[in-house]
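> Need coordinates for the following:
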Amino acid sequence: QVQLIESGGGLVQAGGSLRLSCVASGRYAMGWFRRAPGKEREFVATISWAGGMTYYADSVKGRFTISRDNAKNTVYLQMNSLKPEDTAVYYCAARDRRYPDVGLSGYEYDYWGQGTQVTVSS
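Numbering: from 1, shown residues only. Model (predicted):
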């Protein structure tokens with residue numbers, strides 16, 4: 001059973017920063033997604049199994065950075081220059097081990113964390 005545990009969410013003022021962490025029970029290609037109130041789930045960022053490839057949604061490019069520490073089975077999402085529109089529940093997700101590459105769609109992920117709330121005040 002794959003387990004994903006997110007942490008690091010909270011309340012921050014616009015322009016501030018937060019770092020989300022996701023500890024996995026193994027090593028997988030990983031992604032971050034978010035769901036704002038009343039909106040569909042949205043892709044945020046993804047990183048390959050080895051960490052050599054990353055991809056970002058246009059809305060966060062240049063502000064967010066995804067990274068991983070494979071020794072700790074942990075993936076991070078560093079979020080800078082936060083905006084009120086970044087407010088959402090953020091979820092980390094893992095792809096099946098058969099798929100080591102990045103994934104841009106939620107349908108490409110087999111395992112999901114419980115989510116962590118990020119609130120950005122204006």
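> What backbone torsions are found at the most centrally placed residue in the chain?
If you average the C-alpha coordinates of the chain and look for the closest C-alpha using Cα atoms, centre = their mean, you land on residue 32, 2.3 Å from that point. Backbone torsions of residue 32, given as degrees, to the nearest 10, read phi -120, psi 140.
> What of the one 3 residues further on?
Backbone geometry at residue 35, expressed as degrees, to the nearest 10, gives phi -130, psi 120.
> what about it, distance to residue 96?
According to Cβ to Cβ, to the nearest Å, residue 35 stands 22 Å off from residue 96. (Glycine included, C-beta is placed from N, CA and C.)
> What of residue 36?
When Cβ to Cβ is applied, the distance between residue 36 and residue 96 equals 27 Å.
> ok so, going back, surely the residue nearest to the centre of the chain meets residue 42?
No. With contacts defined as Cβ atoms under 8 Å, residue 32 does not count as touching residue 42, sitting 9.9 Å away.
> who's in contact with the residue lying closest to residue 80 once chain neighbours are set aside?
In space, residue 80 comes closest to residue 17 once its chain neighbours are excluded; the distance is 4.7 Å by Cβ to Cβ, 6 or more residues apart in numbering. With contacts taken as Cβ atoms under 8 Å, 6 or more residues apart in numbering, residue 17 has the following neighbours: 78-82.
> would you turn these into CSV with pLDDT and neighbour count?
Formatted as CSV, the entries for the contacts of residue 17 read as follows, by pLDDT from 0 to 100; neighbours: other Cβ atoms under 10 Å:
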residue, pLDDT, neighbour count
78, 98, 15
79, 98, 26
80, 98, 14
81, 98, 13
82, 98, 22
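> Tell me which of those fall in strands.
When DSSP state E defines the strands, the subset of the contacts of residue 17 inside them is 78-79.
> Quick check: of the contacts of residue 17, which lies closest to residue 100?
Minimum separation from residue 100 among these (Cβ to Cβ) is found for residue 78, which lies at 22.6 Å.
> Could you report the distance from the closest one to residue 38?
Using Cβ to Cβ, one obtains 27 Å as the distance from residue 78 to residue 38.
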